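Enquirer: got a predicted structure plus its sequence, pasted below:
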Amino acid sequence: MSLSKVALVIGGGGGMGSVACHGFYGAGFKVALADVSEDRAQTTAKAIGQDVLAFQTDVRREESIAKLVKDVTGVFGRIDVLLAAHGVVTGHTLVHETDEKEWDFVIDTNLKGTFLCIKHVASIMMKQKSGCILTLTTNKARAYRVPYSASKYGIEGVTGAAAEELKPYNIGVYALAPGGYVDTLFHDNSYQQLTYKNYTPEEKLRTERKPLKPEVIVPVCLHLAQDKTLALTGKKIDCVHWNEEHGLGRANWYNPI
């Protein structure tokens, strides 16, 4: 068993999750990544480097998360960082047109999935008496995205409560908000992999908003993974602002329209 720290990234097959995996690996972490698509997980793991573990995992099912954590610790012996980077968003739906199926799909994936990941990793970190848990939220509530917005604000609540409980064990828990619209295949892959109809393509967002690079979260992730002060535990952190405050610029994190 290596003495290197171990990072487990949920939703690591693409988007912000995959760039975070690259960042952790480049910083010397052992990396395990999980994704709902086994093909994406395996492809991403091979692209990162040797000895990166890849798993197919459904965050909506507790037995799937429990098995993932057991398998990762069975190989690496520990988990030092959890990044819950998974997530889905559904179509451009008005609140009064949002059906129960759509609500359950988003809440079960984003909110319940994040809770289950924290639940099963926390027990490992409590035994270690150290750890870092990172969740993903949004900068603001979005019109036509009631289930998504509710899931993200719920994640902030879970993050804050878990931070209070886990701080005595030297475990920091943080909610990361990228700082704007991130240009990934997040919207498209949600439907392709989880079979929910993509009835509103996101091309309009890509042409009207200056998109952020998914790499915007990496400096913050690496800092918090190493930070022992827990000064920001329980907080929501805007990654663009954090990068700017730490001398990493602001314009560097945007893609041209």
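Expert: Yep, that arrived.

Enquirer: surely Ala162 is in a helix?
Expert: Yes - Ala162 forms part of a helix when assessed by DSSP: H, G, I helix; E, B strand; the rest coil.

Enquirer: mind listing what it touches?
Expert: 118, 122, 133, 173 (CB atoms under 8 Å, 6 or more residues apart in numbering). For glycine as for every other residue, the C-beta is placed from the backbone atoms N, C-alpha and C.

Enquirer: quick check, pLDDT for Gly91.
Expert: pLDDT, Gly91: 70.

Enquirer: spell out the residue ranges of the strands in the stretch 51-200 of the chain.
Expert: 53-56, 81-84, 131-136, 171-177 (DSSP state E, counting those that start in this stretch).

Enquirer: what mean pLDDT does the last one get?
Expert: Spelled out, it's strand 171-177. For strand 171-177, the per-residue pLDDT averages 98.

Enquirer: where does the stretch 151-257 of the chain have low pLDDT?
Expert: Within the stretch 151-257 of the chain, the segments meeting pLDDT under 70 span 185-209, 257.

Enquirer: now the helices for it?
Expert: Counting by DSSP state H, counting those that start in this stretch, the stretch 151-257 of the chain has these helices, from start to end: 186-194, 203-208, 218-226, 239-245.

Enquirer: which residue lies closest in space to the residue nearest in space to the middle of the chain, excluding its sequence neighbours?
Expert: Centroid-nearest residue in the chain: Ala85, 1.4 Å away (criterion: CA atoms, centre = their mean). With sequence-adjacent residues excluded and distances taken as CB to CB, 6 or more residues apart in numbering, Ala85 is closest to Gly17, at 3.5 Å.

Enquirer: and the one you found, what helix or strand is that in?
Expert: Gly17 is part of helix 15-26, with elements assigned from DSSP states H and E.

Enquirer: same for that helix, what does it pack against?
Expert: Contacts defined by 3 or more CB pairs under 8 Å, 6 or more residues apart in numbering; DSSP states H and E place helix 15-26 against strand 6-10, strand 30-35, helix 38-48, strand 81-84, helix 186-194, helix 218-226.

Enquirer: would you put the C-alpha positions of that helix in CSV?
Expert: The C-alpha trace of helix 15-26 is given here as CSV (Å, rounded to 0.1, in the frame of the first residue of the first chain):
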residue,chain,number,x,y,z
GLY,A,15,-16.4,17.3,-17.1
MET,A,16,-15.2,18.8,-13.9
GLY,A,17,-14.7,15.4,-12.4
SER,A,18,-12.3,14.2,-15.0
VAL,A,19,-10.1,17.4,-14.9
ALA,A,20,-10.1,17.1,-11.1
CYS,A,21,-8.8,13.5,-11.4
HIS,A,22,-6.0,14.8,-13.7
GLY,A,23,-5.2,17.5,-11.1
PHE,A,24,-5.1,15.1,-8.2
TYR,A,25,-2.9,12.6,-10.1
GLY,A,26,-0.5,15.3,-11.2
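
Enquirer: what residues sit buried inside it?
Expert: Across helix 15-26, burial judged by 16 or more other CB atoms under 10 Å covers 15-25.

Enquirer: likewise stretch 221-231?
Expert: Neighbour-count burial for stretch 221-231, with 16+ other CB under 10 Å as criterion, is recorded at 221-222, 224-225, 230.

Enquirer: in stretch 103-115, which residues are buried?
Expert: For stretch 103-115, by 16+ other CB under 10 Å, it's 103, 105-115.

Enquirer: any idea which of the buried residues of helix 15-26 is closest to Asp35?
Expert: Asp35 lies nearest to Gly17 out of these, by CB to CB, at 7.5 Å.

Enquirer: all set, thanks.
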